[in-house]
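# the amino acid sequence is not available; the structure is as follows:
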DNA sequence: GCTTTTTTTGTACTGAGGGTATAATATATG
DNA sequence: CATATATTATACCCTCAGTACAAAAAAAGC
């Protein structure tokens, strides 16, 4: 992406955080990023399109960081989950994501709404899958309910805890408290057998998100990590890290839209590792 | 209130429900309620002011109905609480209140935000006080946490249950499910002693809302009800019911802004009941 | 019934804000 | 140096909230 364009995204994001989306006029963005209106509409077809670009930008970085926390750890370890949720809270707070999401939901822009809706469901689904790691198959019928109630409790607790403690707000404490409640709730619904929503409904809600199953995801991440560890410190280290990260990212996308670019990256990586060692990585391509 | 003005409020509310607040232009409201712009701005100083009028209108009716459900019942009976929550959900859905609230929170209007914020806190406080009735003093340190988590769980469950079941959505089922979770959570925090937020903080959040304490509220409601029951069916029945309702409503307001009107109403009521029987009711005036 | 006051209406206006069009200018590329 | 692309400045259109004000209609007072 263009440096200039990225600069506009950053400036606009900052303005949106400070003043809100609607309260920030295009003129504000023009002034603060020192570009002309013509250039702006050359980069983005509308103010909404700019907002989506910002969302995509943040989301990408965040999901990457979140998955890094899982690498090499036991997925069933609830401490890892807590760390991931703390990261999420901090990212959201730093980027003011939640308020922006909520603001946008009332903007009468169908496309934008669908976009946000998808992100929300994706987040819910991620929590669901993590709960699956943690609580196991025996709790499966209650995992969606658990995911919904956990995110609910966490969000509200965060909101009010912040209102109460202002500057001394402690996300860690709230996350821990909320996770403790989750554990109790899961025990309870498991023993009483009360189910509100069947987990299968998630499939309906994630349109065409035939996301790779958890196993695939984890195995790939581990494979990439192990390859990274083999890299010795030399002048090309950065290059190979970049290549590996790119391959991982592309393969984790649900749509395999740039197969040839991936192939070229693999070819470049092969120069370092040799054909044999790359065999396993290649097997991840469908 | 003026009939015409009330008509504008109703029409506007309907339009806001259908199209959303921002998407409804003043011109729309003018067209649908057949008034001129001049008249509109004679009634309301701005579009936001109109929205607040709508909120006040709904809120008043709703709180009245909600309190009626409590009259003559045991406040500690959780079934009564469930009924009240079901009423709330249905009112909110029928009036599209929640979406309107949320939309407004991102309108960069300080006054409007404060207004909504107060309503939310008031609702939270009401739940807190009801939980106090139900779970008693021994749970007091955890009642605010409970109120926060219960409203969180309920809202999220409602949202997703509706997404799943569309037309077959059953608020009763969701309320019951959520109340069951609440009971478990209260047991849990009581036994582990984990507290997130101290209930005292509520005082800070309800600015100048030196609401009459629960006892006052209940006693007054009971007194009014018992007087109503004494009314025999005669031509003046309606008149006295109206008078009693008015007195109750006025006295439940935190600010006693129309003492003389209340006094005149009491005088009128006295004609039916006589000075003695009205003694108790009069004692409710500070 | 007539006068005065209040309410309502119609019309025209202001200003902010999103978005378009385009000719002129600057910058990069070959 | 020439050509293609990116950028700028300026002027413009449209929608919408809110204002101003004189004319007309309706209420209220007597």
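Now that the structure is in, tell me what you want to look at. Computed from a prediction, not measured in an experiment: that's the story for all the values here.
# residues contacting the worst-scoring helix or strand of chain A on mean pLDDT, please?
Counting by mean pLDDT, DSSP states H and E, chain A has its least confident helix or strand at helix A:214-230, which shows a mean of 75. Outside of helix A:214-230, the residues within contact range by Cβ atoms under 8 Å, 6 or more residues apart in numbering or on different chains are A:67, A:70-72, A:75, A:129, A:132-133, A:211, A:240-241, A:244-245, A:247-248, A:251-252, A:269, A:273, A:277, A:280-281, A:284. No exception for glycine: its C-beta is placed from N, CA and C like everyone else's.
# mark which of those residues are buried, thanks.
A:67, A:70, A:129, A:132-133, A:211, A:240, A:244, A:247-248, A:251-252, A:269, A:273, A:281, A:284 (16 or more other Cβ atoms under 10 Å in any protein chain shown).
# now the element after the longest helix seen in chain A, going C-ward?
Of all the elements of type helix in chain A, the one with the most residues (DSSP state H) is helix A:110-135. Heading C-terminal from helix A:110-135, the first helix or strand you meet, by DSSP states H and E, is helix A:143-165.
# give me the buried positions along the following helix or strand past that following helix.
Toward the C-terminus, helix A:143-165 is succeeded by helix A:171-192 as the next helix or strand (DSSP H and E). Within helix A:171-192, the residues that qualify as buried by neighbour count (16+ other Cβ under 10 Å) are A:171, A:174-179, A:181-182, A:184-186, A:188-190.
# same for chain B: which of the residues you listed are within range?
If you filter those for contact with chain B, counting by Cβ under 8 Å from any Cβ of the partner chain, you are left with A:174, A:177, A:181, A:184, A:185, A:188.
# residues touching the second one, list them.
The reference is to residue A:177. Remark: with contacts taken as Cβ under 8 Å, 6+ apart, residue A:177 is in contact with A:157, B:194, B:196.
# same thing with the third one?
Under the criterion of Cβ under 8 Å, 6+ apart, the neighbours of residue A:181 are A:150, A:153, B:149, B:185, B:188, B:189.
# I'd say the second one and residue B:149 touch.
Right, the one you point to is residue A:153. Yes - in this structure, residue A:153 is within contact of residue B:149 by Cβ atoms under 8 Å, at 5.0 Å.
# more neighbours: those two, which one.
Each of residue A:153 and residue B:149 had its neighbours counted (other Cβ atoms under 10 Å in any protein chain shown), and the higher figure belongs to residue B:149 (29 against 26).
# tell me the confidence at that one?
Listed pLDDT for residue B:149 reads 98.
# name the helix or strand for the residue nearest to residue A:33 when sequence neighbours are not counted, please.
Once its chain neighbours are removed from consideration, residue A:33 has its nearest residue in residue A:11; the separation is 4.0 Å (Cβ to Cβ, 6 or more residues apart in numbering or on different chains). For residue A:11, the enclosing helix or strand under DSSP H and E is helix A:3-19.
# list the helices and strands that helix packs on?
Applying 3 or more Cβ pairs under 8 Å, 6 or more residues apart in numbering or on different chains; DSSP states H and E, one finds that helix A:3-19 contacts helix A:26-33, helix A:37-43, helix A:47-68.
# which one of these has the lowest average pLDDT?
Of all the helices and strands packed on helix A:3-19, the minimum mean pLDDT falls on helix A:47-68 (a mean of 90).
# how many degrees apart are the longest helix of chain A and helix A:47-68 in direction?
Taking axes from the mean of the first three to the mean of the last three Cα atoms, to 10 degrees, helix A:110-135 and helix A:47-68 form an angle of 10 degrees between their directions.
# distance from the chain centre to helix A:110-135, please.
A distance of 9 Å separates the centroid of the chain from that of helix A:110-135, by Cα atoms, centre = their mean, to the nearest Å.
# sorry, back to before: from the buried ones among the contacts of helix A:214-230, which has minimum pLDDT?
Minimum pLDDT across the buried ones among the contacts of helix A:214-230 is recorded for residue A:211, with 50.
# nearest to DNA strand D among the helices and strands packed on helix A:3-19 would be which one?
Distance to DNA strand D, taken as Cβ to the nearest atom of the strand, is lowest for helix A:37-43 among the helices and strands packed on helix A:3-19, at 2.3 Å.
# how about that closest one: buried residues?
Applying a neighbour-count criterion of 16+ other Cβ under 10 Å, one finds A:40, A:43 buried in helix A:37-43.
# so what does that helix touch, helix or strand wise?
The contact analysis (3+ Cβ pairs under 8 Å, 6+ apart) places helix A:37-43 against helix A:3-19, helix A:26-33.
# export those to CSV and tack on distance to DNA strand C and mean neighbour count?
Listed next are these as CSV, based on distance: least, Cβ to the nearest atom of the strand, whole Å; neighbours: other Cβ atoms under 10 Å in any protein chain shown:
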stretch, distance to DNA strand C, mean neighbour count
helix A:3-19, 10, 17
helix A:26-33, 4, 16
